[in-house]
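**Q** I would like the atomic coordinates for the input below:
(4 chains)
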Protein chains: 2
Amino acid sequence: MIAMKKITDKIVKPSSSVTIKEVAKLAGVSTATVSYVINNTKNVAPEKRQRVLDAIEQSGYTPNLVAKSLRVKKTNTIGVLVEDIMGYPVPAIINGISERVEKSDYRILLNDLRMLESLFNQYDQIMQQKNKINEAISLLLFGARVDAIIYVGMFDRNITGILNEINKPLVIAYSTSDDKNFHSVTYDNENISAEAVRHLFDLGHRRIAVITGLAHTSPARMRMRGIQRAFSEAGIVLDSALVKNGDWEYASGYSCMIELLSEDTLPTAVFAMNDLMAVGAMDAIGNAGLRVPEDISVIGFDNREFAVYLHPKLTTIEIDLKGIGQLAAETALNTILGVDKGESSLIIPSRLIQRKTTARVVTAVKESALP
Amino acid sequence: MIAMKKITDKIVKPSSSVTIKEVAKLAGVSTATVSYVINNTKNVAPEKRQRVLDAIEQSGYTPNLVAKSLRVKKTNTIGVLVEDIMGYPVPAIINGISERVEKSDYRILLNDLRMLESLFNQYDQIMQQKNKINEAISLLLFGARVDAIIYVGMFDRNITGILNEINKPLVIAYSTSDDKNFHSVTYDNENISAEAVRHLFDLGHRRIAVITGLAHTSPARMRMRGIQRAFSEAGIVLDSALVKNGDWEYASGYSCMIELLSEDTLPTAVFAMNDLMAVGAMDAIGNAGLRVPEDISVIGFDNREFAVYLHPKLTTIEIDLKGIGQLAAETALNTILGVDKGESSLIIPSRLIQRKTTARVVTAVKESALP
DNA sequence: GCAAGTGATTTAATCGTTTAGAAAAAAATA
DNA sequence: TATTTTTTTCTAAACGATTAAATCACTTGC
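**A** This is a model prediction of the structure:
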């Protein structure tokens, strides 16, 4: 039976219950000394240090970060607050955050905003009396004692209030709010939109239709502003009959395009405020017997994975989501360390990716006749 | 100047420094009493309870979860370990996890596996002497003292060892390992693959090609097993010349299809082991001047978002990723509570979504001539 | 009216670390 | 060698909660 002795016996199983005290006893030193060698925070005699290291090895000791956090009042944790983890920009941004954070000694506590309910259960006594959502967020944040917060999302929700109240480093990733009280890192929504329509101008397009996102949302407004600026800078007028309000979804892109196709004079190009609506528009165009880009050019926004699997491949705008995440994390860490005081508003450049859905206009108005 | 007094004065700013002790003093009771009302864990006289509640309100007190965790030796945190947060199945699974977890009083500590480096920095003294990756994971997990762990990923990495050593509830989501030592929740990889080829059989296909994923990976092997089983159950032989090894990427789907198209007799249908390769195959077919599904049927796997934006829309297999996440979280929570002892292997059913890339075979062999 | 019983409240120990400040040891100086 | 200085090590008090066990304040029964 001896032969069957488990081979795994040699593996030190971190029993999770061994504390610094036991290591100290094992090494014949005080807990302070053990702490000093673990954290490299004071000189300790070489032989003693080795004894401690051996004791740690032998006992399978793992520092209890919870206890440490309590003592030093610092969790080395960044709270990442997202509206919906699945939603389009979020995973890519988290990826960037995580990539930056991995290089530090911090960790990420992920908070889907729906998770709030959980706290109502636990602390219902308190909660009954409080302004629910605000206080719940604050409980989440202060309760877990994260060192900083990164908020990733659309910022549509009415959480500006509580976010303002937070006396911890806070950085908004992806979107901006109108009151710029905190760090934010975004992309150049307005500029890149302008660039997209300039691209269409360059190809000779003048009758350019726009399919917007939900009209009241901030990205939709900013993109519209960029579009309008490009038009006015070029001295061309944007025919308001050609702007249709979508809602970011495929179906709205389709139906808006149908509407546009029923006008007396067709647009020669369509700028959809995201790729989903762009696909919808392309399908509508195709179903109407017209071709992209020969009859109508289409340009999207987001450079979603599928953009390249469409026929033809979609010309669109790529936002550096990973870069946004990285910079947001960078900002958060810097603010924690105090090197980066005050608020800042960082903007990461986007780029237009010219693929196959935009082409030079052929039949349309003569260019020379225009301003 | 009085008129300019900030309006925000009335808002209680959780100063994050007020402790239970101060609340107690404010309410004129002991800290124990405060704790009892917060946690509803013992009777306290109504007037006193109210005094405590008021004191909490007034002071803007928020319980320090770190301190609580240390005391009760329970963090109410589930560690979610992922290989790559951006990678295809991960966000959807996390979504499911988070959706289930939100209904409890737990939180999620997200760990991208790349984050390990951070721990090397902090604890390099210890780390020098240890088997790096294993111990780093263990430090991460035991250090943060999570109550349970959910591992989301391909399980290709050599981490089975350390995962086996963990004496905490562990559930593997999405993939399974060969040694079934822990809870796992997966999908019916083999069965659904068999069903997919039966679907092709039903449509009259007999010459069915397969584009595999990376051949050594477990999902690729399981899917292959299902395919082979369907063939043998139907008494049809799978022409091994028709199975090509891809690597899950678009390009490999394309090139495998090119190879298949160069054979003397063409397949009438192709089963690609994921949607990415399916698109690649479709593009190859299209570029060869053939049509999907009239000439060759195509079936994918994953039901990626873009499947429905292709022309024609892709017939594929949908895995209930959210369901996997939810069940994984459920299992983890149950195991923490002790209601769900021992290991289990749960399997969530997938479904075949018939869209437009599969059609009845027309030209091919007479059905009646076959077994 | 008093002992016993019941229920509310408080006291104080505890969780596992870190870290001033005290003490001890070692090294430098006189 | 005796003293001072420097360096290493240890003692013990935090950090902010929870929770046995002790205490206190009432009832109740006899």
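**Q** For the spatially most central residue of chain A, what are phi and psi?
**A** Computing the C-alpha centroid of chain A and ranking residues by C-alpha atoms, centre = their mean puts residue A:93 first, at 3.5 Å. Torsion angles at residue A:93 (phi, psi; degrees, to the nearest 10) stand at phi -70, psi -40.
**Q** The stretch 101-250 of chain A: strands as residue ranges?
**A** For the stretch 101-250 of chain A, strands defined by DSSP state E, counting those that start in this stretch occupy the ranges A:107-112, A:148-152, A:170-174, A:183-187, A:208-212, A:243-245.
**Q** ok, and what's touching the fourth one?
**A** Contacts with strand A:183-187, where a contact means C-beta atoms under 8 Å, 6 or more residues apart in numbering or on different chains, come from A:169-177, A:319-320, A:324, A:327-328, A:331-332, A:335, A:340, A:343-350. The C-beta positions use only the backbone N, C-alpha and C, and glycine is treated the same way.
**Q** Give the ChimeraX command for selecting the buried subset of those residues.
**A** Command for ChimeraX that selects the buried part of those, burial taken from 16 or more other C-beta atoms under 10 Å in any protein chain shown:
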select /A:169,170,171,172,173,174,175,176,177,319,320,324,327,328,331,332,335,340,346,347,348,350
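**Q** Let's see which of the contacts of strand A:183-187 end up in helices.
**A** Assigned to helices by DSSP state H, the following of these qualify: A:324, A:327, A:328, A:331, A:332, A:335.
**Q** Pick the one among these closest to DNA strand D.
**A** Among the ones in helices among the contacts of strand A:183-187, residue A:335 lies closest to DNA strand D (C-beta to the nearest atom of the strand), at 21.1 Å.
**Q** Please look at the closest one and residue A:148 and confirm they touch.
**A** Yes. Residue A:335 lies in contact with residue A:148 (C-beta atoms under 8 Å); the separation is 6.3 Å.
**Q** can you redo the strands of the stretch 101-250 of chain A as CSV with mean pLDDT?
**A** Shown next, in CSV, are the strands of the stretch 101-250 of chain A (pLDDT from 0 to 100):
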stretch, mean pLDDT
strand A:107-112, 83
strand A:148-152, 91
strand A:170-174, 91
strand A:183-187, 92
strand A:208-212, 98
strand A:243-245, 97
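**Q** any chance of those in a markdown table, plus distance to DNA strand D?
**A** Shown next, in a markdown table, are the strands of the stretch 101-250 of chain A (distance: least, C-beta to the nearest atom of the strand, whole Å):
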| stretch | distance to DNA strand D |
| --- | --- |
| strand A:107-112 | 18 |
| strand A:148-152 | 18 |
| strand A:170-174 | 21 |
| strand A:183-187 | 26 |
| strand A:208-212 | 48 |
| strand A:243-245 | 49 |
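**Q** nearest to DNA strand C, of those?
**A** Of the strands of the stretch 101-250 of chain A, nearest to DNA strand C by C-beta to the nearest atom of the strand is strand A:107-112, at 15.4 Å.
**Q** quick check: angle from the closest one to strand B:107-112?
**A** 120 degrees (axes from the mean of the first three to the mean of the last three C-alpha atoms, to 10 degrees).
**Q** now the residue lying closest to residue A:356 once chain neighbours are set aside: how far from residue B:94?
**A** Spatial nearest neighbour of residue A:356, excluding adjacent residues (C-beta to C-beta, 6 or more residues apart in numbering or on different chains): residue A:312 at 3.4 Å. Going from residue A:312 to residue B:94 by C-beta to C-beta, to the nearest Å gives 34 Å.
**Q** what does residue A:251 give?
**A** Distance, residue A:251 to residue B:94, by C-beta to C-beta: 27 Å.
**Q** hmm, stretch A:66-74 in reach of DNA strand D?
**A** Yes. Contact of stretch A:66-74 with DNA strand D (C-beta under 7 Å from any atom of the strand) involves A:67, A:70, A:71, A:73.
**Q** picking up where we left off before, more neighbours, residue A:312 and residue B:94?
**A** residue B:94 (29 against 16; other C-beta atoms under 10 Å in any protein chain shown).
**Q** need the contact list for the residue nearest to residue A:356.
**A** Residue A:312 neighbours (C-beta under 8 Å, 6+ apart): A:292, A:293, A:355, A:356, A:357.
**Q** Would you map out the domains in chain A?
**A** With domains defined by automatic domain parsing, chain A comprises A:16-63, A:74-181+A:322-351, A:189-315+A:354-369.
**Q** which one of those has the lowest average pLDDT?
**A** Within the domains of chain A, confidence is poorest for domain A:74-181+A:322-351, with a mean of 78 (mean pLDDT).
**Q** List the contacts of residue A:230.
**A** Per C-beta under 8 Å, 6+ apart, neighbours of residue A:230: A:193, A:194, A:195, A:197, A:198, A:201.
**Q** Report the spatially nearest residue to the last one, omitting neighbours in sequence.
**A** Closest residue to residue A:201 apart from its sequence neighbours, by C-beta to C-beta, 6+ apart: residue A:234 at 5.6 Å.
**Q** mind checking how far that neighbour is from DNA strand C?
**A** From residue A:234 over to DNA strand C the distance is 61 Å, taken as C-beta to the nearest atom of the strand, to the nearest Å.
**Q** Hmm, that residue is touching residue A:198, no?
**A** Yes. Look at residue A:234 against residue A:198 with C-beta under 8 Å: they come within range, at 7.4 Å.
**Q** Which one, of the strands of the stretch 101-250 of chain A, ends up nearest to residue B:61?
**A** Between residue B:61 and those, the tightest spacing by C-beta to C-beta is seen for strand A:148-152, at 19.8 Å.
**Q** now check the closest one, is it near chain B?
**A** No. Against chain B, strand A:148-152 shows no contacts by C-beta under 8 Å from any C-beta of the partner chain, the least distance being 12.3 Å.
**Q** got the contact list for that strand?
**A** Under C-beta under 8 Å, 6+ apart, the answer for strand A:148-152 is A:78-83, A:89-90, A:93-94, A:97, A:141, A:163, A:166, A:168-174, A:325, A:328-329, A:332-333, A:335-336.
**Q** which secondary structure elements does the strand or helix carrying residue A:53 contact?
**A** For residue A:53, the host element (DSSP states H and E) is helix A:46-59. Helix A:46-59 makes packing contacts with helix A:20-27, helix A:31-39, helix B:124-127 when contacts are defined by 3 or more C-beta pairs under 8 Å, 6 or more residues apart in numbering or on different chains; DSSP states H and E.
**Q** out of the ones you listed, nearest to residue B:36?
**A** helix A:20-27 (30.3 Å).
**Q** The closest one near DNA strand C anywhere?
**A** Yes. Against DNA strand C, helix A:20-27 shows contacts by C-beta under 7 Å from any atom of the strand at A:20, A:21.
**Q** quick one: whichever residue of the stretch 251-371 of chain A sits closest to DNA strand D from residue A:68, how far?
**A** For the stretch 251-371 of chain A and DNA strand D, the shortest gap (C-beta to the nearest atom of the strand) falls at residue A:336, measuring 17.8 Å. Counting by C-beta to C-beta, the separation of residue A:336 from residue A:68 is 16 Å.
**Q** Now for residue A:268, how many residues are close by?
**A** Neighbours of residue A:268 (other C-beta under 10 Å): 23.
**Q** That one and residue A:207 touch, don't they?
**A** Yes. Residue A:268 lies in contact with residue A:207 (C-beta under 8 Å); the separation is 5.2 Å.
**Q** For chain A, what lies in contact range of DNA strand D?
**A** Counting by C-beta under 7 Å from any atom of the strand, chain A sits next to DNA strand D at A:28-33, A:36, A:42-45, A:48, A:67, A:70-71, A:73.
**Q** Any of the residues you listed buried? List them.
**A** A:29, A:33, A:36, A:44, A:48, A:67, A:70.
**Q** Secondary structure element for the nearest residue to the fifth one once chain neighbours are set aside, which one?
**A** Residue nearest to residue A:48 in three dimensions, not counting chain neighbours: residue A:29, with 5.9 Å by C-beta to C-beta, 6+ apart. Of the helices and strands defined by DSSP H and E, none includes residue A:29.
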